[in-house]
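Peer 1: heads up, no residue letters with this:
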């Protein structure tokens, strides 16, 4: 009797063990961490790039890896501890270099942190001078009241920040002569949050594909001076398209500040703020 009882106990124990393992085995087979998909990277500024990817259902976070060659060694650069955060900004990047990124998802399986068995697709970016894409349409003539209306269209993939007050001057190579600070007096198709555009003195957003019409008039309080440099004669009208005239609009794109400098009749040229200011300084005769 004892023999049969011991055998029964052993069978029951074995069955209990098998039964206890069935849910874990079944669940464990389906509880895998899926790989990240849809990884993309685009430049944000001269030193940074943004990564975006698709949310992995159930993920608790992600690990971001970076390399300087596609088949080279990838180094962990960021651990993200929120599963629904599907973006990361890589900083301290260098112009001219190409960077490669890939990601793994992180989840908790039976109390342990587990990475997806596969990496995401590899996304790469070559760091270039961050230049916005835009168009500026000038009218054939001034408005009847002497003001100037231009249309700026954002052709970039991201938002552009337009500054309120551009510069206009008669000679791009010698801005100390007849320099004028224009005042933006009217915006059309730009969301200014209800602020009176006469008092706009900081950038406002222009989204991808959007176009805004901006009307400028002479700022009579400041005409004839730029940054403390007095003009020889304070102009009373905008010398639109007269020989050598230049026009510039300040903007910020992906964290980098630019002046769009346009000179007639030679077409458009874009410079960074540093280049723009250096050109201005070089043109000033410090001996006089």
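Peer 2: Now that the structure is in, tell me what you want to look at. Keep in mind that what you see is a predicted model, and the values were worked out from it rather than measured. Numbering: from 1, shown residues only.
Peer 1: can you list the domains in this structure?
Peer 2: 40-126, 134-283 (automatic domain parsing).
Peer 1: could you tell me the least trusted of these?
Peer 2: Comparing mean pLDDT across these, the weakest is domain 134-283, with a mean of 57.
Peer 1: which residues sit in contact with the residue lying closest to residue 205 once chain neighbours are set aside?
Peer 2: Spatial nearest neighbour of residue 205, excluding adjacent residues (CB to CB, 6 or more residues apart in numbering): residue 159 at 5.0 Å. Every residue, glycine included, has its C-beta placed from N, CA and C. By CB atoms under 8 Å, 6 or more residues apart in numbering, the contact set of residue 159 is 205-208, 253.
Peer 1: residue 91 now?
Peer 2: 47-48.
Peer 1: distance of it from residue 153?
Peer 2: To residue 153, residue 91 is 30 Å away according to CB to CB, to the nearest Å.
Peer 1: still on that earlier bit, need the contacts of residue 159 in a markdown table with secondary structure and distance to residue 34, can you?
Peer 2: Putting the contacts of residue 159 into a markdown table (DSSP: H, G, I helix; E, B strand; the rest coil; distance: CB to CB, whole Å) gives the following:
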| residue | secondary structure | distance to residue 34 |
| --- | --- | --- |
| 205 | strand | 36 |
| 206 | strand | 38 |
| 207 | coil | 33 |
| 208 | coil | 31 |
| 253 | strand | 35 |
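Peer 1: out of those residues, which two sit at the greatest distance?
Peer 2: For the contacts of residue 159, the maximum inter-member distance is 12.2 Å, found between 207 and 253 (CB to CB).
Peer 1: quick check: buried residues in the longest strand anywhere in the chain?
Peer 2: Longest strand of the chain, by residue count under DSSP state E: strand 98-109. Neighbour-count burial for strand 98-109, counted by 16 or more other CB atoms under 10 Å, picks out 99-107.
Peer 1: kindly indicate which of the residues you listed lies nearest residue 56.
Peer 2: residue 105 (4.3 Å).
Peer 1: the closest one against residue 116, yeah?
Peer 2: Yes: with contact defined as CB atoms under 8 Å, residue 105 and residue 116 form a contacting pair (4.4 Å).
Peer 1: give the residues shared as contacts by those two.
Peer 2: Common neighbours of residue 105 and residue 116 (CB under 8 Å, 6+ apart) are 33-36, 56.
Peer 1: and residue 95, how far is that from residue 126?
Peer 2: Distance from residue 95 to residue 126, counting by CB to CB: 9 Å.
Peer 1: re earlier: of all the shared contacts of residue 105 and residue 116, which two lie farthest apart?
Peer 2: 33 and 36 (9.7 Å).
Peer 1: quick check: neighbours shared by these two?
Peer 2: Common neighbours of residue 33 and residue 36 (CB under 8 Å, 6+ apart) are 56, 105, 116.
Peer 1: so what's the backbone phi/psi at the last one?
Peer 2: Same thing as residue 116. With angles defined as degrees, to the nearest 10, residue 116 sits at phi -60, psi 140.
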